[in-house]
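> Kindly generate the corresponding structure for this input.
(one chain, ligands or ions: 1)
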Amino acid sequence: MERKRVLSCIQPTGELHIGNYFGAIRNWVNIQDKYDCVYGVVDLHAMTMPYDPRTLPGNTVQMFIDLMACGIDPERSVLFVQSLVPQHAELNWIFSCVTSFGELSRMTQFKDKSDQLQISQKGGFISAGLYTYPVLQAADILIYKANYVPVGKDQEQHLELSRNIAVRFNNQFGTYFPEPEPLFTEVPKLMSLADPTKKMSKSLGDKHYIGVFESEDSLRKKIKSAVTDTGMQSGSKMSPGVENLFTIIKACGTEDPYLRLKDKFDNGTLQYRELKEVAAAVLVETLRPLRERRSELNADRKKTERLVRELSAVAREFAENTLNDVKKLTGLIV
Ligand code: AMP
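Below you'll find the model as predicted:
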C-alpha cells in the first residue's frame, strides 16, 4: 500500500526552544518511518511580519541545519527551503483565484496578528501578504499532494481553508488534489519557566524559554530559577511551575525518575531542589546529541549550504511536476 504523505513547515525565526522541539519537531522525527514526510523552512512566510533582510538568509540556513540536528533525516524525508522552490509562489497565485475574499476575511489569525502589529507599532503597516498567507500555506501543502498535516489548534482553520481550496479546484478543473487532513498527535505543551501560566515562547523574553542548543550552564541556571511555588502539602494539586518541570522530565522519556518524584510529590516529601536537579540533568542528556550534531553540521557551513540547495532541488522537481499538471488543468500554457 502506498504510504500517506505528511507535510509540515516552520518559519526561520532564529532559535528553536524546547517547546518547539517536544511539542512539534520531535514528532516530525518520529513519524519519518511511517509516512512520506516533507518538511520545509518557510522563509516566504517570514516576510509577512516585520523582519530584517540581513539576518533572514542566515536564520533560514540555520533552521534547516537545526532540523537535521534534531533528527530530520534527508535520506528518509524531503527537506526544503521555500524560496528555493519558487513553484510554491506560482501555485499561490493560481490558488488566490479559487479563494474567496470572504473566507480569507474570516481567518482569526489574521485578526490576531494584525491587531498585534497595530498595538506594537502604533498603527503599523499590515501587508496584503499577511492577509493572503493562508493561501500560500495551501500551496505549500497541496503542491506535494500531502494527505496529512500535523496541526495545533491555532492552525486548524488554515487547514480547513486548504481543504476548501482543494475541493473548489477539483470541482472546477477536475479531481487532482487530495483533501489534506489534520494529523493530531499527543504532544506535551511546555510552559514558560518564569511565568508558568503562559505557553513557553521566545517572544516572552530570554528567561521564559530554553533554547534547544543553549549551553548546559545556561540551561541549568534557567531550570534552577524556574518559578515553582512556596511549598506544598501532601495531596495538594500541582502548581503550574511544578507541573511544567514534571512535563519536561516526562518529555525526556525518563520514566523512572518521573515516577519516583511523582511518588514523593504525592506523599508530600518532594523537595523542589531535587525536582529541578533531575529536570536539568535529563534535559542536558536529551539535548546533548542534538547539540553535537549541530556543531558537526555548522563546522562546514559551506558544505551544509550546498546541501540545503541540493535537498531543496528534490522538492523542486516534485513541485514542478505538480505545477505543470495544474497549469494544464487551468488553461495556462506550458
Ligand atoms: P511557532 O514558532 O510558535 O509557530 O511554533 C512552531 C511549532 O512549535 C508549532 O507546532 C507549535 O505548536 C509548537 N510549539 C510552540 N511553542 C510550544 C510550546 N510552548 N509547547 C509545545 N509546543 C510548542
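> what stretches of the stretch 151-300 of the chain score poorly on pLDDT?
For the stretch 151-300 of the chain, residues meeting the criterion pLDDT under 70 lie at 230-235.
> tell me which parts of it are close to the ligand?
For the stretch 151-300 of the chain, the residues in contact with the ligand (CB under 6 Å from any ligand atom) are Gly152, Lys189, Leu190, Lys199, Met200, Ser201. (C-beta placed from N, C-alpha, C; glycine too.)
> Now, those that are in helices?
Judged by DSSP state H, helices contain none of these.
> Would you tell me which helix is longest in this structure?
helix 301-330.
> can you list the domains in the chain?
Split into domains by automatic domain parsing, the chain comes to 5-189+302-330, 202-294.
> buried sites along the longest helix of the chain?
304, 307-308, 311-312, 315-316, 318-319, 322-323, 325-326, 329 (16 or more other CB atoms under 10 Å).
> Tabulate the domains of the chain (a markdown table), appending distance to Asp195.
As requested, these are exported to a markdown table (distance: least, CB to CB, whole Å):
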| stretch | distance to Asp195 |
| --- | --- |
| domain 5-189+302-330 | 13 |
| domain 202-294 | 7 |
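> Helices along the stretch 101-250 of the chain, start to end?
Using DSSP state H, counting those that start in this stretch, the helices of the stretch 101-250 of the chain run over 101-105, 108-120, 128-142, 156-173, 216-224, 240-251.
> Report all helices and strands that the longest one contacts.
Helix 156-173 makes packing contacts with helix 101-105, helix 108-120, helix 128-142 when contacts are defined by 3 or more CB pairs under 8 Å, 6 or more residues apart in numbering; DSSP states H and E.
> any residue of the last one up close to the ligand?
No. Where contact is defined by CB under 6 Å from any ligand atom, no part of helix 128-142 touches the ligand; the two come within 12.0 Å at best.
> what residues does that helix touch?
For helix 128-142, contacts defined as CB atoms under 8 Å, 6 or more residues apart in numbering pick out 7, 9, 40, 42, 44-45, 47-49, 82, 88-89, 91-92, 95-96, 99, 104, 107, 109-110, 113-114, 117, 149, 158-159, 161-162, 165-166, 177, 180, 322.
> Please identify the residue of the stretch 201-334 of the chain positioned nearest to the ligand.
For the stretch 201-334 of the chain, the residue closest to the ligand is Ser201, as judged by CB to the nearest ligand atom, at 5.8 Å.
> brain fart, the chain
Gly23 (1.9 Å).
> Give me the pLDDT value at that residue.
Looking at Gly23, its pLDDT is 95.
> go on, the one 10 residues further on?
Asp33 is assigned a pLDDT of 95 by the prediction.
> and it, what is it in contact with?
Arg76.
> do that again at 7 Å, thanks
The contact partners of Asp33, by CB atoms under 7 Å, 6 or more residues apart in numbering, come to none.
> and if you look at Pro240?
Contacts of Pro240 (CB under 7 Å, 6+ apart): Met191, Pro196, Thr197.
> Of the residues you listed, which is the most crowded?
Tallying neighbours with other CB atoms under 10 Å puts Met191 at the head of these, with 25 neighbours.
> From Thr197, how far off is the nearest residue to it once chain neighbours are set aside?
Distance criterion CB to CB, 6 or more residues apart in numbering; nearest residue to Met191, sequence neighbours excluded, is Asn244 at 4.4 Å. Going from Asn244 to Thr197 by CB to CB, to the nearest Å gives 10 Å.
> returning to that earlier point: in contact with the residue of the stretch 201-334 of the chain closest to the ligand, which residues?
His208, Tyr209.
> try 8 Å this time
Counted by CB under 8 Å, 6+ apart, Ser201 has contacts His17, Gly19, Ser192, His208, Tyr209.
> TSV for those residues, including neighbour count?
TSV is the format used below for the contacts of Ser201 (neighbours: other CB atoms under 10 Å):
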residue	neighbour count
His17	20
Gly19	23
Ser192	22
His208	22
Tyr209	26
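> mind giving me JSON lines with the residues you listed and columns for distance to Asp36?
What follows is these, written out as JSON lines (distance: CB to CB, whole Å):
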{"residue": "His17", "distance to Asp36": "28"}
{"residue": "Gly19", "distance to Asp36": "27"}
{"residue": "Ser192", "distance to Asp36": "36"}
{"residue": "His208", "distance to Asp36": "36"}
{"residue": "Tyr209", "distance to Asp36": "32"}
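> measure stretch 140-153 end to end?
Its start and end residues considered, stretch 140-153 measures 19 Å (CA to CA, to the nearest Å).
> what separates the closest residue in space to Ile25 that isn't next to it in sequence from Phe101, distance-wise?
Using CB to CB, 6+ apart and skipping residues adjacent in sequence, the residue nearest Ile25 is Cys70, 4.9 Å away. The gap separating Cys70 from Phe101 is 39 Å, by CB to CB.
> same thing with Ser114?
For Ser114, the distance to Phe101 - CB to CB - is 16 Å.
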